[in-house]
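Participant: I'd like to go over a predicted model; first the sequence, then the structure.
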Protein chains: 2
Amino acid sequence: MIRNLSKLERQKGIKEYISKDPFLSDKKLAELFNFSVQTIRLDRLEMGIPEMRKRIVQVAKNTPSTDKVKSLKKEEIIGELIDIELGKNGIAILKTTKDMAFNKTGIVRSHYIFSLADSLAISIIDTEVALTGIARLSYKNPVYAGQTLVAKARVARNRGNKYLVSVHVKTDQREVFTGKLVIFSVNDKIKKEKT
Amino acid sequence: MIRNLSKLERQKGIKEYISKDPFLSDKKLAELFNFSVQTIRLDRLEMGIPEMRKRIVQVAKNTPSTDKVKSLKKEEIIGELIDIELGKNGIAILKTTKDMAFNKTGIVRSHYIFSLADSLAISIIDTEVALTGIARLSYKNPVYAGQTLVAKARVARNRGNKYLVSVHVKTDQREVFTGKLVIFSVNDKIKKEKT
DNA sequence: CACCTATTATTAGCTACTACTAATTGTAAG
DNA sequence: CTTACAATTAGTAGTAGCTAATAATAGGTG
């Protein structure tokens, strides 16, 4: 029961709930938000969210269980965001595991470190959508599975929609990675450039 | 007796069809086997096969999409290695999905593209262990979820244990990423530097 | 013939909807 | 205060894809 929400807030909430649990029927959502089933339906229609059964089918059809494609999993940010000042700087932590490393040496694969740096850099940009344009990376020292990485990012320059973000990753005082990323904040323009 | 056999065969057939395509309703099965819907239902009940909607839910719940773990999944190489000449060049393909993209725009997150490029670059180096040292990345165009990326890597220079690998990633003739990676081949030395 | 199995038909009821109309409530402006 | 409009709720008819129960029919077999 989460009454006392504006229409917008409720719709946002419904979206979130459904994205987290696509198995929610209108009835259950109505109980959760303490609004009538009809209102929930209207919200769904306004937001273009399909009915529960169709959502379940979508999820089922997305099952990549028979896929051979090796891919990474989605994440909003890699690691844990522990401090952030939008537009200025941020800190994130990633505990590395054996899964992230080469079996042979136990050295963490470089793209995990980049992912930490890149997602942190993007998340400190105070904008709806940010995309990486150019990056210069330097891996200073190997990281071993089990070590905890601390990434610090800082906006070094900002001209228009172009941000230069520098990221330093350390583990136990020791610098393991530095990077300079040029990030672009984006409106809806890019969508039309598609083709 | 002939009837009995045909019944058994039909039930076997239904089982097979459903296991291959759980999205088949009783009606569709009835049309496929040219029996009435009631007969199909009886068969399902006799075999203990649940109704279509419950089958779909089962499939959907088996998907690992509800993971909250904030880390990337381990992979030996990101994408599918489709051609390789050790020490010279290689090609890898990655089919992008919604999971790899920002929800808002459907644009694939930059670190997935880097991961494809980086793991390909490392795998073409003809050595036991290879580590990324320095990298210069340039994201030329946004990649949209669903597009298939083709990465081509080439060893541009090789001095001692230092390899300069250039990687180009395209989707439909269109260049979306280029990178120059300096990769170091490693023996066992680094392991002892560990601290 | 009665008995049995397989199949098909019919009906009632269920969930989770779509699509629609209509009534009610809230709220802000004149 | 009233009027206007948006938001919400209620209700109806119809749908797919079922469950469950009951009945009818055709075709053997002892």
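Facilitator: Sure, I can see it.
Participant: Would you mind listing the outside residues contacting stretch A:21-29?
Facilitator: Residues outside stretch A:21-29 that contact it (C-beta atoms under 8 Å, 6 or more residues apart in numbering or on different chains): A:14, A:17-18, A:32, A:37, A:40-41, A:44, A:51-52, A:55-56, A:58-59, B:57, B:60-61, B:66. No exception for glycine: its C-beta is placed from N, CA and C like everyone else's.
Participant: For chain A, which residues are neighbours of DNA strand D?
Facilitator: For chain A, the residues found near DNA strand D under the criterion C-beta under 7 Å from any atom of the strand are A:7, A:10, A:35-36, A:38-39, A:42.
Participant: Give me the PyMOL select line for those residues, limited to the buried ones.
Facilitator: Buried members of the residues of chain A next to DNA strand D, defined by 16 or more other C-beta atoms under 10 Å in any protein chain shown, are picked up in PyMOL with:
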select buried, chain A and resi 10+35+39
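Participant: how about the residues of chain A next to DNA strand D in a markdown table, adding secondary structure and distance to chain B?
Facilitator: Formatted as a markdown table, those follow (DSSP: H, G, I helix; E, B strand; the rest coil; distance: C-beta to the nearest C-beta, whole Å):
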| residue | secondary structure | distance to chain B |
| --- | --- | --- |
| A:K7 | helix | 21 |
| A:R10 | helix | 19 |
| A:F35 | coil | 24 |
| A:S36 | coil | 25 |
| A:Q38 | helix | 23 |
| A:T39 | helix | 24 |
| A:L42 | helix | 23 |
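Participant: Now render the residues of chain A next to DNA strand D as JSON lines, adding pLDDT and distance to A:M100.
Facilitator: Formatted as JSON lines, those follow (pLDDT from 0 to 100; distance: C-beta to C-beta, whole Å):
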{"residue": "A:K7", "pLDDT": "84", "distance to A:M100": "44"}
{"residue": "A:R10", "pLDDT": "92", "distance to A:M100": "40"}
{"residue": "A:F35", "pLDDT": "93", "distance to A:M100": "44"}
{"residue": "A:S36", "pLDDT": "93", "distance to A:M100": "48"}
{"residue": "A:Q38", "pLDDT": "95", "distance to A:M100": "49"}
{"residue": "A:T39", "pLDDT": "95", "distance to A:M100": "45"}
{"residue": "A:L42", "pLDDT": "94", "distance to A:M100": "45"}
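Participant: Name the nearest of the residues of chain A next to DNA strand D relative to DNA strand C.
Facilitator: A:Q38 (6.2 Å; C-beta to the nearest atom of the strand).
Participant: Done for today, thanks.
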